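Q: Just a sequence and a predicted model for now, questions to come.
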Amino acid sequence: MKQCIMCILFVFVLSTTALAGNTALRFGVLPVLDTLPLQVAAQEGIFEKHGLDVTLVKFMSALERDTAMQTGQIDGYFGDLIATYLLISRDVPMRIALTSWRTTPGYPMFGIALSPENKDRDLAAMKGGKLGLSKSTIMEFLADKMEDHLKVERGYFAQVEIKKMPIRLQMLLTGQIDSALLPEPLLSLARLKGGATLATAEDLDIPLTVLCLHERYFKNHGSDYMRFIRAYREAVQAIRDNPEKYRRLMAETCRIPKPLVADFPIYPYPMPSLPASAELAEVQEWMLDKGLLKMTVPDSVALSPIAP
């Protein structure tokens, strides 16, 4: 009996020590599709398995998330490259850890939705039409890239600043604007409500969103960073192996509207990798042109010094 009690105490001490030794990490997320691997890693205990005590901190707007990162309330975040370079240029000590989503044919993450009354119009008929989006963000960058891809001049669409996504969607569906740049699943919802899709960003072949970590997680030869990478890779593989298992989690955490839940595709999330230097340079050149950056940020400052 005494030996049994000693064994139980030994296991308890080991468990407590392992938990206490886990690296704590408060990670900011938005309720969007790109963050499903993080939600899977948290739900399945994959972070804990790799020695990380990760708390996913949910934000309802990019502004709230960026403020939290800037003031040290979180240790890492999910975001786009425009927001990331803005923060790094303001001396927030963080680096890009991996690309969480890059454009993939067949899986549109953003697109131009047409209002119900414009649903039958083609590209030529939409010249000069009002396009709702959020300026000085990844939305405006994508709008410019899509105009290039569609082989029309910059300013082909009359861009209208509508920052809040629900208001943008509502203005589209009520005909107050002709079109709107929307992320999925709102792009699909606009179609369900009588609109249409004019074009998507799926063929642009660019990184759209990234995960970033505070500088301290890259120290000590990046041991914490590599544990994060291994956990993320395992979560991506779990989704690939059994995507339907995570449909409910996707619906709950990525705000999939009820009418779309049953058939909305579960995306093929990429394994961890870093954006290419030329891709980062293109984003920064656009930001310099728009006056969002005063000077370029070297890759040695913005990127993980270790390949994932």
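A: Yep, it's here. Numbering: from 1, shown residues only.
Q: Now do the nearest residue to Thr23 once chain neighbours are set aside against Val40, distance only.
A: Excluding its sequence neighbours, the residue lying closest to Thr23 (C-beta to C-beta, 6 or more residues apart in numbering) is Asp224, at 4.9 Å. Bear in mind the C-beta positions are built from the backbone N, C-alpha and C, glycine included. Using C-beta to C-beta, to the nearest Å, Asp224 is found at 20 Å from Val40.
Q: Between those two, point out the one with more neighbours.
A: A direct count of neighbours by other C-beta atoms under 10 Å for Asp224 and Val40 places Val40 higher, at 24 against 21.
Q: and Phe78, helix, strand or coil?
A: Classification of Phe78 by DSSP: H, G, I helix; E, B strand; the rest coil places it in strand.
Q: And the pLDDT for it?
A: What the model reports for Phe78 is a pLDDT of 96.
Q: Asn220 now?
A: In this model, Asn220 carries a pLDDT of 87.
Q: so where do the helices sit in this protein?
A: Remark: helices assigned in the chain by DSSP state H are 2-20, 36-43, 46-49, 62-70, 81-89, 138-149, 165-173, 186-192, 223-241, 247-253, 277-289, 299-302.
Q: Can you tell me what sits against the third one?
A: Applying C-beta atoms under 8 Å, 6 or more residues apart in numbering, the set of residues contacting helix 46-49 from outside is Leu19, Asn22, Leu25, Val40, Ala41, Asp53, Val54, Ala231, Glu234, Ala235, Ala238.
Q: make it 7 Å
A: Helix 46-49 has contacts (C-beta atoms under 7 Å, 6 or more residues apart in numbering) with Asn22, Ala41, Val54, Ala231, Glu234, Ala235.
Q: Give me the nearest residue to Leu288, chain neighbours excluded.
A: Thr296 (7.0 Å).
Q: Phi and psi next, for the one you found.
A: Main-chain torsions, Thr296, degrees, to the nearest 10: phi -70, psi 150.
Q: ok, it - how many residues close by?
A: 16.
Q: re the thing from before, which one of the contacts of helix 46-49 is nearest to Tyr217?
A: Val54 (11.3 Å; C-beta to C-beta).
Q: contacting residues around that closest one?
A: Contacts of Val54 (C-beta under 7 Å, 6+ apart): Leu25, Phe27, Ala42, Phe47.
Q: On the pLDDT front, check the nearest residue to Phe110 once chain neighbours are set aside for me.
A: In space, and not counting its chain neighbours, Phe110 is closest to Ala201: 4.5 Å by C-beta to C-beta, 6+ apart. Looking at Ala201, its pLDDT reads 96.
Q: pretty sure Ala201 is in contact with Thr103, am I right?
A: Yes: using C-beta atoms under 7 Å, Ala201 is in contact with Thr103, at 5.6 Å.
Q: list residues touching both of these two?
A: Met109.
Q: So between those two, which is more surrounded?
A: Ala201 (22 against 19).
Q: circling back: a markdown table please, covering the contacts of helix 46-49 and showing distance to Leu123.
A: Output for the contacts of helix 46-49, formatted as a markdown table (distance: C-beta to C-beta, whole Å):
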| residue | distance to Leu123 |
| --- | --- |
| Asn22 | 52 |
| Ala41 | 41 |
| Val54 | 44 |
| Ala231 | 43 |
| Glu234 | 43 |
| Ala235 | 39 |
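Q: Now do the phi/psi pair for Thr103.
A: phi -50, psi 140.
Q: Nearest residue to it in space, please, no chain neighbours.
A: Leu204 (4.7 Å).
Q: which intervals of the chain have sub-threshold pLDDT?
A: Flagging of the chain using pLDDT under 70 yields the residue ranges 1-21.
Q: Neighbours of the residue nearest to Thr103, how many?
A: 17.
Q: hang on, it packs against Lys145?
A: Yes: assessed by C-beta under 7 Å, Leu204 is found in contact with Lys145 at 5.5 Å.
Q: separation between Gly106 and Arg26?
A: The spacing between Gly106 and Arg26, counted by C-beta to C-beta, is 34 Å.
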